[in-house]
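> Fold the following for me, if possible:
(4 chains)
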2 protein chains.
Amino acid sequence: MAEDEAGLTVAQMTAATGVSGHTLRYYERAELIRPVARNSGNQRRYSSADVEWLKFLLRLRETGMPIAQMREYAQLRERGSVTTEPRLRLLEAHQAGLRRQIARLRAHEKALAGKIATYLDDLAALQSQQEKGSEDD
Amino acid sequence: MAEDEAGLTVAQMTAATGVSGHTLRYYERAELIRPVARNSGNQRRYSSADVEWLKFLLRLRETGMPIAQMREYAQLRERGSVTTEPRLRLLEAHQAGLRRQIARLRAHEKALAGKIATYLDDLAALQSQQEKGSEDD
DNA sequence: GTAGAAGTTAGAGTGCGCTCTAAGTCAAAC
DNA sequence: GTTTGACTTAGAGCGCACTCTAACTTCTAC
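Residues are numbered from 1 along each chain as shown, chains lettered A, B, ... in the order given. Next up is the predicted model:
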């Protein structure tokens, strides 16, 4: 008995998602991922549904959602379609936060662009001074 | 001797920037802020230049710059106008990263909006089923 | 001049999200 | 059948950015 109960190994999951084996197991302990199917040798075999779910989690993570809230969402999901509404509300709240975050970052980017512009002016001034000083070197 | 060497107290600095006294002292230890002027009783008095610098640091922080890199920038700044060029390069690199971050977040926001739309469809379907089931309650 | 708020220091503690260790089991190639 | 390497577990450790503690001093208001 060996390569039974088809599905992705931990290493294949890492290749597919960029998430390390350590972190995959951590997410399972943290209840972000339901207990994964095992082969006859007790090794994890991830389904394509597991891959999709993890990719969704990564989206939430990259947009700053804390583990605790991802777990909350995961637990609602486990309870099926009766929790559709609270899950929707959770996502809508997250979306609103995300939009605020994007707006803030855009404002910061604009301010940074302004600062960079004054630096470029400063540099131009410094360089024209240097040219004056070394006109006949 | 008391209210000499005018400037903002720690509490006033907190009011002006939202940064706690503990964190202000931490930033000084971390060399993000140069040793602040003291009054005759050894208490900190922040100048308006200190306020501006801190606000700039907060911008960098909010855009995800780590403390170590902020310190690097601060140390270049301490060395005066000879470091204008490296500081400019640092800011330009940060701006490029920030733009990538904004683009990523916008893509995530779009995907999230799609997910929310399918949830809304699911909910509408569930609700019309419920209506059917309870037509003559 | 005295109470209470606000400041000082060095250093310990916290929360988050991993990340690694140790000791062992299992699988595939030779 | 043995080596090599991926896998398993429970639990310890880490890096970051604070955040707080304890013991003490100073300032402000009365």
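
> C-alpha only now, for contacts and for neighbours.
Will do.

> Verify the contact between residue A:34 and residue A:28 for me.
Yes - using CA atoms under 8 Å, residue A:34 is in contact with residue A:28, at 6.3 Å.

> Now do the end-to-end distance for stretch A:56-72.
From its first residue to its last, stretch A:56-72 covers 14 Å (CA to CA, to the nearest Å).

> ugh, wrong one, stretch A:26-35
Counting by CA to CA, you get 11 Å between the two ends of stretch A:26-35.

> hmm, who's touching it?
Residues outside stretch A:26-35 that contact it (CA atoms under 8 Å, 6 or more residues apart in numbering or on different chains) are A:36, A:50, A:54, A:67, A:70-71, A:74-75.

> leaving aside the residues next to it on the chain, what's closest to the residue nearest the centre of chain A?
Compute the mean C-alpha point of chain A, and by CA atoms, centre = their mean the closest residue is residue A:62, 2.3 Å away. When the adjacent residues along the chain are set aside, residue A:62 lies closest to residue B:105, with 7.9 Å between them (CA to CA, 6 or more residues apart in numbering or on different chains).

> The helix or strand hosting the one you found packs against which elements?
Secondary structure from DSSP states H and E places residue B:105 in helix B:84-133. Counting contacts by 3 or more CA pairs under 8 Å, 6 or more residues apart in numbering or on different chains; DSSP states H and E, helix B:84-133 packs against helix A:84-133, helix B:67-78.

> weakest of the ones you listed in terms of mean pLDDT?
Confidence, taken as mean pLDDT, is least for helix A:84-133 of the helices and strands packed on helix B:84-133 (a mean of 94).

> do that helix and DNA strand C meet at all?
No - Helix A:84-133 stays clear of DNA strand C (CA under 7 Å from any atom of the strand), getting no nearer than 13.8 Å.

> Report the inter-axis angle for that helix versus helix A:67-78.
Angle of helix A:84-133 versus helix A:67-78, following axes from the mean of the first three to the mean of the last three CA atoms, to 10 degrees, is 150 degrees.

> now helix A:84-133, how far from the chain's geometric center?
20 Å (CA atoms, centre = their mean, to the nearest Å).

> cool, stretch A:81-99 as well?
Distance, centroid of stretch A:81-99 to centroid of chain: 17 Å (CA atoms, centre = their mean).

> So which residues make contact with that stretch?
By CA under 8 Å, 6+ apart, stretch A:81-99 touches A:63, A:65, A:73, A:76-77, B:105, B:109, B:112-113, B:116, B:119-120, B:122-123.

> ok so, going back, would you check that the residue nearest to residue A:62 makes contact with residue A:102?
Yes - Residue B:105 lies in contact with residue A:102 (CA under 8 Å); the separation is 6.9 Å.

> Please report phi then psi for residue A:38.
phi -120, psi 150 (degrees, to the nearest 10).

> confidence score at it?
Reading off the model, residue A:38 has pLDDT 94.

> hey, what's it bridged with?
Counting by DSSP bridges, residue A:38 is bridged to residue A:44.

> How many residues are close by it?
16 (other CA atoms under 10 Å in any protein chain shown).

> What distance do you get for the residue nearest to the centre of chain A to residue B:20?
Counting by CA to CA - residue A:62 and residue B:20 are separated by 28 Å.

> Quick check: can you list the domain ranges of chain A?
Residue ranges for the domains of chain A, per automatic domain parsing: A:1-78, A:83-137.
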